[in-house]
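> let me see the structure of the following:
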Amino acid sequence: MTELPATSTRKLGLVIDLDTCVGCHACVISCKGWNTENYGAPLSDQDPYGGDPSGTFLNRVHSYEVLPDTGPAQLVHVPKSCLHCEDAPCVTVCPTGASYKRVEDGIVLVNETDCIGCGLCAWACPYGARELDAAEGVMKKCTLCVDRIYNQNLPEVDREPACVRTCPANARHFGDLADPDSAVSRLVVARGGMDLMPEQGTRPVNKYLPPRQRDAWADTSVLAPFLTPVAEEPRGFLGWLDKALDKL
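Presented below is the predicted three-dimensional model:
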């Protein structure tokens, strides 16, 4: 079994804004592309164009229709990947030590050469964030693009996870959640960031920002700003024209 580090120097992770995510799946595609071509074994697909396609993904987006007590239904998109938990059960259950948590940044990784594909880590993960690659027979999971964020050959702007770099809605944020002054930490405090399934006691590093309340404008027509007169009496050229027409 693998032991977890007592503490990590940093806590690199994601902050995902559920209010901004539009469920476009750009993060899913960019994650699949980057991790198929770079870190570890490729992410395989089985019968991708057939009647029963399946494949390995490190990031998936689940969509839910929320029915509030009042007002219209709201569609919420929840991206889900490894949360890089501080008390990661997938690490402590691994019989070969293939799963481990890094001391220097808190990222949870899998050493694929030591993985025997037993699936115990997938069974232990309460978030369903691990997937067994059918072609390679090894467990795959989000790495926070560890081969990308430290790559000095990339421009600094690209040294962040592929999903964050790709998101068109700016719903994904990356940084050090151990630093209270980091942009992600300030965002969590400002928006009331929350853990996913906190009752599991895994202390996930990744945080979710809840959707904002929409009741205030739910009954307001989207055309209202265009139907409200800008002034009770026409002014300027339109005022002169209105008076001229009245004399005709």
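> tell me which residues touch Glu199, please.
Not one residue lies near Glu199 by CB atoms under 8 Å, 6 or more residues apart in numbering. Where C-beta positions appear, they are placed from N, C-alpha and C, glycine not excepted.
> do you know the pLDDT at it?
Note on Glu199: pLDDT of 94.
> which stretches of the chain have low pLDDT?
Scanning the chain for pLDDT under 70 picks out 1, 213-242, 245, 248.
> which stretches of it form strands?
Listed in chain order, the strands of the chain (DSSP state E) span 12-17, 45-46, 54-55, 60-66, 74-80, 99-101, 108-110, 131-132, 139-140, 172-176, 207-209.
> can I get those strands in a markdown table with mean neighbour count?
Listed next are these as a markdown table, based on neighbours: other CB atoms under 10 Å:
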| stretch | mean neighbour count |
| --- | --- |
| strand 12-17 | 25 |
| strand 45-46 | 14 |
| strand 54-55 | 14 |
| strand 60-66 | 12 |
| strand 74-80 | 16 |
| strand 99-101 | 23 |
| strand 108-110 | 23 |
| strand 131-132 | 16 |
| strand 139-140 | 25 |
| strand 172-176 | 21 |
| strand 207-209 | 22 |
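> Asp87 against Leu4, yeah?
Yes. Applying CB atoms under 8 Å, one finds Asp87 in contact with Leu4, separated by 6.8 Å.
> more crowded one of these two?
The residue with more neighbours, out of Asp87 and Leu4, is Leu4; 17 against 13, by other CB atoms under 10 Å.
> so who does the more buried one touch?
By CB under 8 Å, 6+ apart, the residues touching Leu4 are Glu86, Asp87, Ala88, Val91, Thr92, Lys101.
> is it possible to export those to CSV including distance to Val66?
Shown next, in CSV, are the contacts of Leu4 (distance: CB to CB, whole Å):
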residue, distance to Val66
Glu86, 29
Asp87, 29
Ala88, 29
Val91, 33
Thr92, 34
Lys101, 33
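> just give me the closest of these to Gly175.
Taking CB to CB as the measure, Gly175 sits nearest to Glu86 out of the contacts of Leu4, at 16.3 Å.
> what residues does that closest one make contact with?
Leu4, Ser8, Lys11, Gly106, Thr202, Arg203, Pro204, Val205.
> leaving out sequence neighbours, find the closest residue to the second one.
Okay, so that is Ser8. Gly106 (3.8 Å; CB to CB, 6 or more residues apart in numbering).
> can you get me a residue count around Val146?
Using other CB under 10 Å, Val146 has 17 neighbouring residues.
> pull the contacting residues for it.
For Val146, the contacting residues are Tyr39, Ile107, Leu109, by CB under 8 Å, 6+ apart.
> nearest to Asp19 among those?
Using CB to CB, Ile107 comes nearest to Asp19 of the contacts of Val146, at 26.4 Å.
> measure Cys163 to Met197 for me?
From Cys163 over to Met197 the distance is 21 Å, taken as CB to CB, to the nearest Å.
> those two: which has the busier surroundings?
Higher neighbour count among Cys163 and Met197: Cys163, with 27 against 11, using other CB under 10 Å.
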